[in-house]
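Asker: below is the sequence, then the predicted model.
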Amino acid sequence: MDLQEIIDDIYLALQPRLGEGKVADYIPQLAHVDPRKFGMAIIDLDGRIYKAGDCDEPFSIQSVSKVFTLTLALGKHGETTWNRVGREPSGSAFNSIVQLEHESGKPRNPFINAGAIAVSDLVLAGHTPKEAIAEIVRFVQYLADDPSITIDPEVARSETATGFRNFALANFMKSFGRLEHPVEHVLGVYFHQCALAMTCTQLARSGLFLAANGKNPLTGHTVVSSQRARRINALMLTCGHYDGSGDFAYHVGLPGKSGVGGGILAVAPGRASVAVWSPGLNDNGNSLIGSLALEMLANRTGWSVFGAPAA
Ligand code: DON
């Protein structure tokens, strides 16, 4: 199987559709991104890399960061993390507040905004917000083995200035006694993690440990146990695309996490880590063309967690 040929074919086939979907416009830094951008990078377990399009241009990873902060929180707090956040798909929008009241301020899963805010609170334990943000950046640099990864300060500032709904979510959780730190501190961490700027190549590298039983085959670092890697993958599969998670599992069949910047990190366990970027979003806030690209990749390679690939 020639992965470079496959990724080139996908890029070519999607060319006429680039620009489809709706670019996130709640902050100018996202609204001004060229909707025709498209990047894709695949890294296999031997470190071979296959690239297409704008795969070395940094974009705002937004909610894809929730995979990394969850990994960090699990490393710090272990299974007690689950006292603070659940593991069930929400079936509602990423920024929904409705379930929180019924469930006494305990978010459904770590990938909806409320859940990621609870995870930020866990990452803050024992730290100032500045230290926690620095720890997240260092962790992502370590995962990707790339010290050049940074946060876009303009995006972080704009997230803070426009994050009324996230403030509502955090204050609501605080009212249930579900956050240990001040709301401003927790959201400071959350907004900065969302503002991480990464390329598809960097993102694929940083997800490689999830495809390789918890150990990054490029660096030799054991990031998490194989059981934890499987479990993070399970959460990505069931919750990584919000109320579009079922559809993503149906069409792509791989654990994945999306962000409103148009990025998706997908994991083919035992095979590869894949990152795709296309800014136009579908109705669920997931990259429209990015999801299609991953569906085409899954069809061509046979990669799926639901069945053996065709011989
Ligand atoms: O919290 C927000 O609204 C954004 N900073 C990030 C949300 C996000 O990426 C959701 N993904 N589809």
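Answerer: Everything's here; your move.

Asker: the stretch 101-250 of the chain: strands as residue ranges?
Answerer: Listed in chain order, the strands of the stretch 101-250 of the chain (DSSP state E, counting those that start in this stretch) span 150-151, 196-198.

Asker: for the ligand, find the nearest of these.
Answerer: strand 196-198 (10.8 Å; Cβ to the nearest ligand atom). For glycine as for every other residue, the C-beta is placed from the backbone atoms N, C-alpha and C.

Asker: could you name the helices and strands sitting against the closest one?
Answerer: In terms of contacts (3 or more Cβ pairs under 8 Å, 6 or more residues apart in numbering; DSSP states H and E), strand 196-198 is packed against strand 59-60, helix 129-144, strand 150-151.

Asker: pick the most deeply packed of the strands of the stretch 101-250 of the chain.
Answerer: Sort these by mean neighbour count, taking mean count of other Cβ atoms under 10 Å, and strand 196-198 sits at the top with a mean of 25.

Asker: distance from it to the middle of the chain?
Answerer: 11 Å (Cα atoms, centre = their mean, to the nearest Å).

Asker: run the contact check for it versus the ligand.
Answerer: No. Counting by Cβ under 6 Å from any ligand atom, the ligand has no neighbours in strand 196-198; the shortest distance is 10.8 Å.

Asker: please save the CA atoms from stretch 201-218 in CSV.
Answerer: The C-alpha atoms that make up stretch 201-218 are tabulated as CSV, following Å, rounded to 0.1, in the frame of the first residue of the first chain:
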residue,chain,number,x,y,z
THR,A,201,2.8,17.3,10.9
GLN,A,202,3.3,18.4,14.5
LEU,A,203,-0.2,17.2,15.4
ALA,A,204,0.2,13.8,13.8
ARG,A,205,3.5,13.4,15.7
SER,A,206,1.9,14.4,19.0
GLY,A,207,-0.8,11.7,18.6
LEU,A,208,1.5,8.9,17.6
PHE,A,209,1.7,7.5,21.2
LEU,A,210,-2.0,6.8,20.9
ALA,A,211,-1.4,4.6,17.8
ALA,A,212,1.5,2.8,19.4
ASN,A,213,0.2,1.5,22.8
GLY,A,214,1.2,4.6,24.7
LYS,A,215,4.8,4.7,23.6
ASN,A,216,6.1,7.2,21.1
PRO,A,217,8.1,5.1,18.6
LEU,A,218,10.1,8.1,17.4
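
Asker: quick one: that stretch near the ligand?
Answerer: No. Contact of stretch 201-218 with the ligand (Cβ under 6 Å from any ligand atom) is absent, the minimum separation being 13.5 Å.

Asker: quick one: which of the strands of the stretch 101-250 of the chain is nearest residue 18?
Answerer: strand 196-198 (20.3 Å; Cβ to Cβ).

Asker: tell me the residues of the protein that contact the ligand?
Answerer: Within the chain, the positions adjacent to the ligand are 62-63, 94-95, 113, 159, 166, 194, 258-260, 285 by Cβ under 6 Å from any ligand atom.

Asker: so which of the helices and strands packed on strand 196-198 is the most surrounded?
Answerer: strand 59-60 (a mean of 28).

Asker: just the buried residues of the following helix or strand past that strand, please?
Answerer: Per DSSP states H and E, the first helix or strand lying C-terminal to strand 59-60 is helix 65-77. Going by neighbour count (16 or more other Cβ atoms under 10 Å), the buried part of helix 65-77 is 65-74, 77.
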